[in-house]
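In: Here's my sequence, what's the structure:
(4 chains)
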There are 2 protein chains.
Amino acid sequence: MSTIRDVARLADVSISTVSRVMNAPESVVPEKRERVRQAIDDLGYRPNALARGLIYKETRTAGAVIPDISNLYAAEVVKGMEDMGHALGMNLILCNTDGSESRIIRNLTVLREKQVDGIFFMSKPVTEPYYEMFQTMKIPVVLVATESLVYELPSVKVHDEQASYDALTYLVAKGHRRIAMISGPIGDTVAGLPRYKGFKRACRDGLGLAKVGDRVEFVPFKYQAAYEAMSRLIDRIPDLTAVFCASDEMALGAISLLYDLGLRVPDDISVIGFDNLKIGRMSIPKLTTVEQPMYEIGRQAMQILQKLRNSDPLEQLRLYLPHRIIERDSVRAV
Amino acid sequence: MSTIRDVARLADVSISTVSRVMNAPESVVPEKRERVRQAIDDLGYRPNALARGLIYKETRTAGAVIPDISNLYAAEVVKGMEDMGHALGMNLILCNTDGSESRIIRNLTVLREKQVDGIFFMSKPVTEPYYEMFQTMKIPVVLVATESLVYELPSVKVHDEQASYDALTYLVAKGHRRIAMISGPIGDTVAGLPRYKGFKRACRDGLGLAKVGDRVEFVPFKYQAAYEAMSRLIDRIPDLTAVFCASDEMALGAISLLYDLGLRVPDDISVIGFDNLKIGRMSIPKLTTVEQPMYEIGRQAMQILQKLRNSDPLEQLRLYLPHRIIERDSVRAV
DNA sequence: GTGAAAGCGCTAACAA
DNA sequence: TTGTTAGCGCTTTCAC
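Out: Coordinates of the predicted model:
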């Protein structure tokens, strides 16, 4: 690999001149400029970003700390980040964490050593140890598909509570009254709790229901867990007409159980999901769901990081992107 | 951010001593070693990987050049790479390319500037310009889910032609005789052509069929394209009993069309997919398919890179990981 | 307009 | 065992 010295030698100029044609070409007389350009071409020279980074204190690289990249939701967000990053000249170091605290810590440490310009922290609540690391690193952090109400950290996500409220309201508008929910774990303060809360509030407002306890199953955000939860729900609430699932994957699990029981969706029971993953368009029936603009969340996250790097002001610390209901074939009017 | 000088000053030793306690602690007397460790702790010091990289000529970072990370297949492979990378102390810079040549080139250029230790090149054929860049970068390149028969580049993938052959043979063993295929584009030499060829060979061997022209639709690897292709196939071949789809997404498209036509899978028509994406377990009916060990492909790719970096010999340049048929509910015996 | 020299943070001889 | 010094490849004063 050739260095700036090789170029300088070949063009018969000093290394500072080479540096100048790369960074401020006008400050070099055309004749030399051409000679240097020629030499750069001949050698296939490319500047070493490590050396540059050492000086500029900037690497044009950000870290993305993610529980599970093989999750469709995360992958879509990452794509948005990457695409916007590409436009802004930023790269992404991907860190899969499995949600393990020790692995998150190790990843944050490495990212810091690699002098990333910023960190995207995804889908997990920000606990004390993470926040402390953010502090000592003193580089921009943006929370993606998560937020912190206790720390002053910028975030991008949808308004989960409201989205959930809207989902239930939609079901009610379609004439449903006996509605159940397959919720995520209540201990999950990012996606579990708020979606449950939205459901509860909508039950009160739309259905005049004070207590919803027996209409809800709290299970992990997984297909199989939802499959089993659906089974319990159908036993418990015989005249059920609709189910709100806290994720699309869960909705598929619920539909699958219904199918196994010989019940038709949406003829016998309506199902609405949450996320709007691509698979919702490929399922039978096609899934009615609450869209989260995942790709856009990723793009905006990268833009926020950019603003932070430029010390541009943020319009709002916590950014909520709009959600909306995508009507497909899994919900019918009753 | 504190530097090695700050630590040295605080511990009242020279910077080389600090460097030593980080890289060869035994070479420092315990007393000083402790003092240095204390100082490191107090300051929260972490070495600057850029400075290190400049010296070691190694960044412990690899680049992953991928057409579309939001693709379930790619995401699973990347997860395998990341997990193995984490075990080996390597990080991954993710480069989404949309398959655009100019974007691939730009990404390769940046990766080179950032001095990555290796490159994973995924799912696309290696054309002349890419190969030339690989040459001039002179860093290890591993082809993932693609291979080159013309260049001497290490690769990891399944044996697509054989996997496809096995899929058809499986259908034949289940008693099917009137079988069609929804193939990828024939111009796609990575996944399109070989899977078609395997189908053709198996038709000859298992069905005594010399020509398969009218039994095959060549369309993009997409849900919608497969949906439409299935429609054409069903019109053209009325007594069809089974369809082999070159990807799981395609299989879902085909099943969807069949469903819209009021045909039952597998009762009326059997469908077999290819990939074994997670969604195959969530569809109705659950998809019978040819498994590609995507996660393992990712892991192995990272291991191959590791060997290359250590100049360890590779057992074989082109590594084919085993595929197998996953029997679920979309194929029946006739 | 250009080159020499200092320095980004670190490691690795080389002396002491 | 330790400190001093010379770089790694680059940018940026500062003279000329």
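
In: Any idea which residue is closest to the centre of chain A?
Out: By Cα atoms, centre = their mean, the mean C-alpha position of chain A lies nearest to residue A:77, the distance being 4.2 Å.

In: how many neighbours does the residue of the stretch 51-200 of chain A found nearest DNA strand D have?
Out: Using Cβ to the nearest atom of the strand, the closest approach of the stretch 51-200 of chain A to DNA strand D is made by residue A:51 at 3.2 Å. Quick note: C-beta positions are derived from backbone N, CA and C, even for glycine. A count of neighbours around residue A:51, defined by other Cβ atoms under 10 Å in any protein chain shown, yields 16.

In: Does it touch residue B:55 like I think?
Out: No: Residue A:51 is not in contact with residue B:55 according to Cβ atoms under 8 Å; the separation is 11.0 Å.

In: ok so, going back, which secondary structure elements does the strand or helix carrying the residue of the stretch 51-200 of chain A closest to DNA strand D contact?
Out: When secondary structure is defined by DSSP states H and E, residue A:51 falls within helix A:49-56. Using 3 or more Cβ pairs under 8 Å, 6 or more residues apart in numbering or on different chains; DSSP states H and E as the contact criterion, the secondary-structure elements in contact with helix A:49-56 are helix B:49-56.

In: What residues sit buried inside the helix it packs on?
Out: Under the neighbour-count criterion of 16 or more other Cβ atoms under 10 Å in any protein chain shown, helix B:49-56 has B:49-54 buried.

In: Distance to residue A:114 for those - can I get that in a markdown table?
Out: Shown next, in a markdown table, are those (distance: Cβ to Cβ, whole Å):
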| residue | distance to residue A:114 |
| --- | --- |
| B:49 | 5 |
| B:50 | 7 |
| B:51 | 11 |
| B:52 | 10 |
| B:53 | 9 |
| B:54 | 13 |
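
In: got those residues as CSV, with pLDDT columns?
Out: Output for the buried residues of helix B:49-56, formatted as CSV (pLDDT from 0 to 100):
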residue, pLDDT
B:49, 98
B:50, 98
B:51, 98
B:52, 98
B:53, 98
B:54, 98
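
In: now for these, which pair is the farthest apart?
Out: Longest distance between any two of the buried residues of helix B:49-56 is 9.6 Å, between B:49 and B:54; criterion Cβ to Cβ.

In: show me what contacts the nearest residue to residue A:240 once chain neighbours are set aside?
Out: Taking Cβ to Cβ, 6 or more residues apart in numbering or on different chains as the measure, residue A:240 lies nearest to residue A:178, with 5.2 Å between them; neighbours along the chain are not counted. Residue A:178 makes contact with A:237, A:239-242, according to Cβ atoms under 8 Å, 6 or more residues apart in numbering or on different chains.

In: which of those residues are buried?
Out: By the neighbour-count criterion of 16+ other Cβ under 10 Å, the contacts of residue A:178 include these buried positions: A:240-242.

In: For the stretch 151-300 of chain A, which segments count as helices?
Out: Assignment of helices within the stretch 151-300 of chain A using DSSP state H, counting those that start in this stretch yields the ranges A:160-173, A:192-207, A:223-236, A:248-260, A:294-309.

In: Out of the ones you listed, the one nearest residue B:296 is which?
Out: Smallest distance to residue B:296 across the helices of the stretch 151-300 of chain A (Cβ to Cβ): 22.0 Å, for helix A:223-236.
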